[in-house]
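> Predicted structure and sequence below. I'll ask about it afterward.
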Amino acid sequence: MRDLLLILDYDHLAARIAVRKLRAERVCCRIVPADISGERLAQEDPRGLLLCAASDTPPMSLSPAVLAFPGPVLALGATAPALNAAMGGENGVYTPMNALDEIDYSECPLLDGLTSGQRLIKGLTPMRLPRDAQIIAALGDARMPIAFSNGASRRFGLQIEAEAHDPDSTRLLKNFALSVCGCTPWWDDEAFVRESTDEIRRAAGDGNAVCLLTGGLYSNVAALLAARALGERLTCIFVDTGLTQDDQEHQFFEYFTSRTGLTIRREDCRERFLAALKGVRDTMDKRRTVESMLTVIRRDVQRSLPQLNAIIRGRSFIERLTEGEEVAGIRAGVLCVEPLKDLFMLEVRQIGRFLGMPEDILYRQAIPATGLALNISGEVTAERLALLGCADRIYRRTLAENNQHRRLNAYFASLIPDGAGYIVSLRADTVSDTGISRASRVPYDLLENVVEQICHECPQVTRVVYDLTPRHLV
């Protein structure tokens with residue numbers, strides 16, 4: 001059994017809140033799909049399972065692998081009634097409440113340190129518990145069961161979801177991890193680096209590895225981890241697609257060559273990418289075109305390197321969630337290692353800082369392989385890339401000079417053809433705990449300064465706008 005918790009993702013936001021809280025308590029945990037197979041569960045061999053969903057998630061059923069798991073299980077939110085039904089209980093119809101009500105906690109290792117009293121209850125599903133289950137938390141004068149346990153099978157259900165700024169949620173998760181499951185608080189930056197470098201060494205064996213760099217945060221940190229693990233057996237290759245910013249590339253090369261000792265081989269593929277994108281207008285078609293080209297280049301790189309056993313990729317949890325698990329272009333016998341696959345952006349920055357990466361590199365945005373291509377409406381041309389590059393560079397530079405960039409999750413410019421000229425749309429995002437990306441309140445005088453510079457340096461731009469539209473994230 002590994003000193004690890006698995007968090008089953010029945011709701012993206014609820015799972016992310018739980019994993020952040022547990023990692024802050026130094027508990028090793030990771031998010032896995034809700035329909036995890038029995039084979040994968042046996043391979044992971046965790047100390048416990050945490051099932052996360054919002055309270056108002058539609059009724060669901062739990063997978064056979066979860067029900068057969070021999071260790072402790074805690075079901076939060078809407079997964080609690082699902083667990084009750086799986087144990088032989090009966091559920092009524094969910095009723096939205098969004099009101100304060102009295103909740104009374106019983107003595108139980110899971111609830112140790114939680115104080116009975118008023119709490120905002122979003123909603124409740126009436127539950128009739130099976131005979132071998134006990135009520136451990138009841139609601140109101142009617143003593144409606146909101147939480148239950150089965151001591152023999154170590155199954156727990158609580159119809160309250162983990163909330164980002166709720167200390168009771170933190171206490172509950174900590175109790176489950178440490179007291180119920182027997183985890184130890186060992187997870188930190190040093191432990192992550194040790195585990196990641198060991199994984200890279202195992203994949204490379206006695207052979208070599210290659211890391212394809214984009215110049216963005218994720219691939220930079222992945223390269224540092226691989227360099228620590230393999231030294232001279234690592235080859236770093238920067239694929240110059242022509243879709244990223246020249247100034248970002250310069251900073252990136254200067255850091256890696258002067259301060260890490262890594263040798264980076266540059267592959268100039270600008271003409272190939274422009275030719276492939278010619279006539280492509282749809283956003284998804286652009287993404288597929290770039291990914292297809294990178295697959296071809298990845299195969300060419302593998303053929304050119306002797307004794308290649310592993311490819312190192314810098315993808316975060318969110319990228320893996322949106323792009324999927326499959327990695328095209330990896331030849332048979334070569335393993336793909338993604339050391340950052342379970343981390344979020346702030347955690348990746350934390351690891352980069354631990355590895356000695358300077359702040360100016362740490363706080364640059366993650367650069368997707370598609371670069372500026374998806375921020376251009378319509379066809380991608382050399383002229384449009386240069387124009388958007390100029391506007392985007394002015395925007396990023398001004399935000400950095402005014403110390404605005406560190407508080408933002410993302411900031412970028414987009415280019416929209418407008419008759420004989422172009423519109424530049426500026427965006428700066430902050431992400432709330434509800435998973436909604438909202439436009440940040442960038443100081444108005446700063447925006448005026450950006451607009452003035454763009455209009456002066458980019459005469460083809462006829463209008464500059466600031467995008468205020470909220471966006472739902474994955």
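Looks like it arrived, so ask away. Numbers count the residues shown, from 1 in each chain.

> ok, the residue lying closest to residue 51 once chain neighbours are set aside - contacts?
Closest residue to residue 51 apart from its sequence neighbours, by Cβ to Cβ, 6 or more residues apart in numbering: residue 79 at 3.9 Å. Every residue, glycine included, has its C-beta placed from N, CA and C. Residue 79 makes contacts with 8, 10, 51, 52, 53, 57, 60, 62, 157, as judged by Cβ atoms under 8 Å, 6 or more residues apart in numbering.

> isn't the first one right up against residue 33?
Right, the one you point to is residue 8. Yes - under the criterion of Cβ atoms under 8 Å, residue 8 makes contact with residue 33 at 7.4 Å.

> more crowded one of those two?
Legend: neighbour count by other Cβ atoms under 10 Å for residue 8 and residue 33, higher for residue 8 (26 against 13).

> Give me the mean pLDDT for stretch 188-205.
The pLDDT scores in stretch 188-205 average 96.

> my bad, should have said stretch 34-42
pLDDT averaged over stretch 34-42 gives 94.

> Would you mark the buried spots in that stretch?
Burial within stretch 34-42, assessed by neighbour count using 16 or more other Cβ atoms under 10 Å, is assigned to 34, 36, 41.

> Just name the closest of these to residue 288, please.
Closest approach to residue 288 among the buried residues of stretch 34-42 (Cβ to Cβ): residue 34, at 27.8 Å.

> give me every residue that touches that closest one.
By Cβ under 8 Å, 6+ apart, the neighbours of residue 34 are 8, 9, 10, 51, 63.

> Swap in 6 Å and give it another go.
8, 9, 10 (Cβ atoms under 6 Å, 6 or more residues apart in numbering).

> Would you mind measuring from the nearest residue to the last one once chain neighbours are set aside to residue 15?
Think residue 10. Using Cβ to Cβ, 6+ apart and skipping the chain neighbours, the partner closest in space to residue 10 is residue 53 (3.7 Å). Note on residue 53: its distance to residue 15, by Cβ to Cβ, to the nearest Å, is 8 Å.

> Settle it for me: which of these two has more neighbours?
Comparing residue 53 with residue 15 by neighbour count (other Cβ under 10 Å), the higher total belongs to residue 53, at 25 against 22.

> In TSV, list the contacts of residue 79 along with pLDDT.
As requested, the contacts of residue 79 are exported to TSV (pLDDT from 0 to 100):
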residue	pLDDT
8	97
10	95
51	98
52	96
53	94
57	89
60	91
62	95
157	97
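
> In ChimeraX, how would I select the buried members of these?
In ChimeraX, this line selects whichever of the contacts of residue 79 come out buried by 16+ other Cβ under 10 Å:
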select :8,10,51,52,53,57,62,157
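
> Need the contacts of residue 79 in TSV (columns: secondary structure and distance to residue 380).
Listed next are the contacts of residue 79 as TSV, based on DSSP: H, G, I helix; E, B strand; the rest coil; distance: Cβ to Cβ, whole Å:
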residue	secondary structure	distance to residue 380
8	strand	40
10	coil	39
51	strand	44
52	strand	40
53	coil	40
57	coil	40
60	coil	42
62	coil	46
157	strand	51
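
> Specify which member of the contacts of residue 79 is nearest to residue 315.
residue 8 (21.1 Å).

> unless I'm mixing things up, the closest one is touching residue 51, no?
Yes - contact status for residue 8 versus residue 51: in contact at 4.8 Å, counting by Cβ atoms under 6 Å.

> what is in contact with these two at once?
Between them, residue 8 and residue 51 share no contacting residue, judged by Cβ under 6 Å, 6+ apart.

> Other residues contacting stretch 120-131?
55-56, 81, 84, 87-92, 94-98, 100-101, 145, 148.

> What ranges does the stretch 251-400 of the chain have for its helices?
270-277, 283-304, 317-323, 345-354, 359-362, 382-401 (DSSP state H, counting those that start in this stretch).

> Export only the CA atoms of the second one, formatted as CSV.
Looking back up the chat, that one is helix 283-304. The C-alpha coordinates for helix 283-304 follow below in CSV (Å, rounded to 0.1, in the frame of the first residue of the first chain):
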residue,chain,number,x,y,z
THR,A,283,-9.6,27.3,-34.4
MET,A,284,-9.8,23.6,-33.9
ASP,A,285,-8.3,22.9,-37.4
LYS,A,286,-5.4,25.2,-36.4
ARG,A,287,-4.8,23.2,-33.2
ARG,A,288,-4.9,19.9,-35.1
THR,A,289,-2.6,21.2,-37.7
VAL,A,290,0.0,22.3,-35.2
GLU,A,291,-0.3,19.1,-33.2
SER,A,292,0.1,17.0,-36.4
MET,A,293,3.2,19.0,-37.4
LEU,A,294,4.7,18.5,-33.9
THR,A,295,4.0,14.7,-34.1
VAL,A,296,6.0,14.6,-37.4
ILE,A,297,8.9,16.5,-35.9
ARG,A,298,8.8,14.4,-32.8
ARG,A,299,9.2,11.3,-34.9
ASP,A,300,12.1,12.9,-36.8
VAL,A,301,13.8,13.7,-33.6
GLN,A,302,13.5,10.2,-32.3
ARG,A,303,15.1,8.8,-35.4
SER,A,304,18.0,11.2,-35.1
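
> and it, which residues are buried?
Residues of helix 283-304 classed as buried: 286, 287, 289, 290, 293, 294, 297, 298, 301, 302 (neighbour count, 16+ other Cβ under 10 Å).

> just the fourth one next, same as before
Taking 16+ other Cβ under 10 Å as the basis for neighbour counts, the residues of helix 345-354 that come out buried are 345, 347, 348, 349, 350, 351, 352.

> now the last one, nearest residue through space, not along the chain?
It refers to residue 352. residue 221 (4.5 Å).

> Which strand or helix spans the closest residue to residue 408 other than its chain neighbours?
Spatial nearest neighbour of residue 408, excluding adjacent residues (Cβ to Cβ, 6+ apart): residue 428 at 5.3 Å. Secondary structure from DSSP states H and E places residue 428 in strand 421-431.

> Dump that strand to CSV, restricted to CA.
In CSV, the C-alpha atoms belonging to strand 421-431 read as follows (Å, rounded to 0.1, in the frame of the first residue of the first chain):
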residue,chain,number,x,y,z
GLY,A,421,-7.2,47.0,-40.8
TYR,A,422,-7.2,45.0,-37.6
ILE,A,423,-8.8,45.1,-34.1
VAL,A,424,-6.6,44.1,-31.2
SER,A,425,-8.5,42.6,-28.2
LEU,A,426,-6.7,42.6,-24.9
ARG,A,427,-7.5,40.1,-22.1
ALA,A,428,-6.3,39.7,-18.5
ASP,A,429,-7.8,37.0,-16.4
THR,A,430,-8.2,36.1,-12.8
VAL,A,431,-9.8,32.7,-12.0
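
> Can you name the next helix or strand after it?
Heading C-terminal from strand 421-431 (DSSP H and E), you reach strand 436-439.
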